[in-house]
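Novice: I would like to see how this sequence folds:
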Amino acid sequence: MAELTYEAANMVEQDLGAVTYPLPEGIVVDRDVRVRMRDGVHLEATIYRPIAEGRYPVVMCVTAYGKDFGPADYSTLPKIKAAGMAVGTMHICEATTWEGPDPGFWVPNGYVVMVADPRGYYGSEGEPGVYSEEDAYDYAELIEWAGVQPWSNGSVGLHGVSYLACNQWMVASKTRPSHLKAIVPWEGASDFLRDVIEPGGVPETRFLGGYYAGSLARGAGMGIAETGPAMMDHTARHPFELENIDVPALICASWSDHGLHTRGSIEGFMRIASEQKWLYTHGGNKWEVYYSPEAVEWQKSFFDHFLKGEDNGFQDRPRVRLEVRATKERVEVRSETAWPLESTKFTPIYLDPARKALVTSMPGQTGSVAYDSEAKQSIEFDLAFDRRTEVTGPMVLKLWVCAKDTDDLDLFAAVRKFDRHGQEVFFCGKDGFRSGVVALGWLRASRRHLDPLRSRPWRPFQSLERTEKLRPGEVVPVELEILPSSTLFEPGETLRLAISGRDIVEFSRFGHDDSVNQGRHEILTGPHHPSHLLVPFV
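Specialist: Model (predicted):
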């Protein structure tokens, strides 16, 4: 194992949003460049390139949020800040598209930056889609077009966050453009059904509706609010075949984006076929980290090597940059070689209702605990540490459960950290949420069935292909996927498992309000029902 190095992550103390500077001199801007697709439809792109003649590698993104919308047009940031969330500080040029590469950085460093609107959005012709087959092949044609322009050296790399990362998975898995040489999907869902729409089979009810009516409707017209759900449902039922991706990849996953991008980013790293792939993890604010000096250094070194052919040693970097959280502000960073970590010891820690504790030995007596599934309350189990302990990786919560009064149940789980004084230690959450927890998980019991080929002892993979209701009072075993995280516990600190029938953490833009829960739930424990939390100790 590599030696630990310590960082004081003080970025979260600032919350300035986008701090901009003018687009530097020496950059030629070609606006509204029309690129013809195979069916005659024209897509529009803006291209930033060095004024000096030459052939340069191309950093590209395709965005539904407006290729020419700079920080002054970012509608998401003020909404997040108004809700009391923290977005951090982004130092970017005034031409930087939302969640995309900063041309003020990349062009002076010897790159062309190309930003395009997808079919049907803003100035691009055609009917809009949402991660459609047409979008994938359009993106491939844009890549091939850029690869043969007089200012291009033939090497194209893809870059961007969220939507701009998801469509990298899309184009790289569905097509094989000859000029695509590398991708940087920085926090992007890769399986919309399991990552976002129905995590654990529990429908997400807030984010996507606002997304179709807001972010996408702004560029595609209000009709996308009605057609978007059907389009996304088709994509969700035909997830990206990550195993088809074989280009070099620098992938970012955060511990702070559970229920949106964390799961899909980790799955991407584990499943793509690329022999040259790296994982950059963090627990901070999404956009702030993307533009931070360390992250940009990783991105530039990666592209310098794979798009310019520089022998800069990037290929020798350990495959995982691991960030272990002590608190929101204090982290430890080290290098690892694989995910899950090779030094991980997955250990079952059993639920003991009598002591409200998590214990290392299975309780000898049969036990149970019941709770009102419709109330805002949790049942909790504590594990106190007597030595410095790191918990890094995915967790699994295996329970034997029953619904007393109905034929289905939704389970919500959270892993939390408490200091030696009994005060909760909060972490960054989605959208800059200031009171995030260690990790989250969800499960609808009727959707509990696992895909035996893709499931692992440390990562249950739900098939979501069938629904099997329970009989009232029937006891069934279920496995909740607790999403990946990395947290350090000092002596005297506590890991607390909370289980509820409702969302334990209330995010302003994310939630699971369409619950099947009614009446009381019961969790059984003991020798015949060994309910436990599988914990990745390092």
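Novice: contacts, neighbours, all on C-alpha from now
Specialist: OK.
Novice: surely G129 touches D135?
Specialist: Yes - applying C-alpha atoms under 8 Å as the test, G129 and D135 come out as touching, 7.0 Å apart.
Novice: tell me, what's touching the two both at once?
Specialist: Listed contacts common to G129 and D135 are R119; contacts here mean C-alpha atoms under 8 Å, 6 or more residues apart in numbering.
Novice: let's test this: name the helix or strand in this structure with the lowest mean pLDDT.
Specialist: For the chain, counting by mean pLDDT, DSSP states H and E, strand 5-8 ranks last in confidence among helices and strands (a mean of 36).
Novice: next structured bit after that strand?
Specialist: Next along the chain after strand 5-8, taking DSSP states H and E as the criterion, comes strand 17-21.
Novice: what about that following strand, distance to the chain center?
Specialist: With C-alpha atoms, centre = their mean, to the nearest Å as the basis, strand 17-21 stands 24 Å off its chain's centre.
Novice: which of the residues in the helix or strand just after it are buried?
Specialist: Note on strand 17-21: by DSSP H and E, the next helix or strand toward the C-terminus is strand 27-36. By neighbour count, with 16 or more other C-alpha atoms under 10 Å as the criterion, the buried positions of strand 27-36 are 27, 32, 34-36.
Novice: partners of the following helix or strand past strand 27-36, with directions?
Specialist: Read in the C-terminal direction, the helix or strand following strand 27-36 is strand 42-50, with elements assigned using DSSP H and E. In the sheet containing strand 42-50, the strands it pairs with under DSSP bridges are strand 27-36 (antiparallel), strand 112-116 (antiparallel).
Novice: now do the helix or strand that strand 42-50 is followed by: which elements does it pack against?
Specialist: Scanning the chain past strand 42-50 towards its C-terminal end, the next helix or strand to appear is strand 56-62 (assignment: DSSP H and E). Under the contact criterion of 3 or more C-alpha pairs under 8 Å, 6 or more residues apart in numbering; DSSP states H and E, strand 56-62 touches strand 112-116, helix 133-147, strand 152-161, helix 163-174.
Novice: mind running it again at 10 Å?
Specialist: strand 42-50, helix 103-106, strand 112-116, helix 133-147, strand 152-161, helix 163-174, strand 180-186, helix 293-306 (3 or more C-alpha pairs under 10 Å, 6 or more residues apart in numbering; DSSP states H and E).
Novice: how far does stretch 45-56 stretch from start to finish?
Specialist: Here the two ends of stretch 45-56 are set 17 Å apart, with distance taken as C-alpha to C-alpha, to the nearest Å.
Novice: for it, what is the average pLDDT?
Specialist: Stretch 45-56 shows a mean pLDDT of 98.
Novice: in that stretch, what's buried?
Specialist: Applying a neighbour-count criterion of 16+ other C-alpha under 10 Å, one finds 45-50, 55-56 buried in stretch 45-56.
Novice: before we move on, what SS does Q365 have?
Specialist: Per DSSP: H, G, I helix; E, B strand; the rest coil, the local secondary structure of Q365 is coil.
Novice: how about it: what's its closest non-neighbour residue?
Specialist: If the residues on either side of it in the chain are set aside, Q365 comes closest to G526, at 5.5 Å by C-alpha to C-alpha, 6 or more residues apart in numbering.
Novice: now do the same contact list for the one you found.
Specialist: Applying C-alpha atoms under 10 Å, 6 or more residues apart in numbering, one finds that G526 lies in contact with 350-353, 362-368, 532.
Novice: kindly recompute the last result at 7 Å.
Specialist: Contacts for G526 (C-alpha atoms under 7 Å, 6 or more residues apart in numbering) come out as 362-367.
Novice: summarise which helices and strands the strand or helix carrying L443 is packed against.
Specialist: Taking DSSP H and E as the definition, one finds L443 inside strand 439-444. Judged by 3 or more C-alpha pairs under 7 Å, 6 or more residues apart in numbering; DSSP states H and E, the packing partners of strand 439-444 are strand 410-418, strand 476-489.
Novice: in CSV, list the ones you listed along with mean neighbour count.
Specialist: Formatted as CSV, these follow (neighbours: other C-alpha atoms under 10 Å):
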stretch, mean neighbour count
strand 410-418, 23
strand 476-489, 24
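Novice: quick one: closest of those strands to L260.
Specialist: With C-alpha to C-alpha, the closest approach to L260 among those belongs to strand 476-489: 10.8 Å.
Novice: what does the helix or strand following the closest one contact?
Specialist: Along the chain past strand 476-489, the next helix or strand (assigned with DSSP H and E) turns out to be strand 494-500. With C-alpha under 7 Å, 6+ apart as the contact definition, strand 494-500 has outside contacts at 373, 377-385, 411-419.
Novice: strand 494-500 pairs with which strands?
Specialist: Strand 494-500 has these partner strands in its sheet, going by DSSP bridges: strand 378-384 (antiparallel), strand 410-418 (antiparallel).
Novice: mind checking how far the helix or strand following the first one is from the chain centre?
Specialist: Think strand 378-384. Beyond strand 378-384 in the direction of the C-terminus, DSSP H and E gives the next helix or strand as strand 389-403. The offset between the C-alpha centroid of strand 389-403 and the centroid of the whole chain comes to 20 Å, using C-alpha atoms, centre = their mean.
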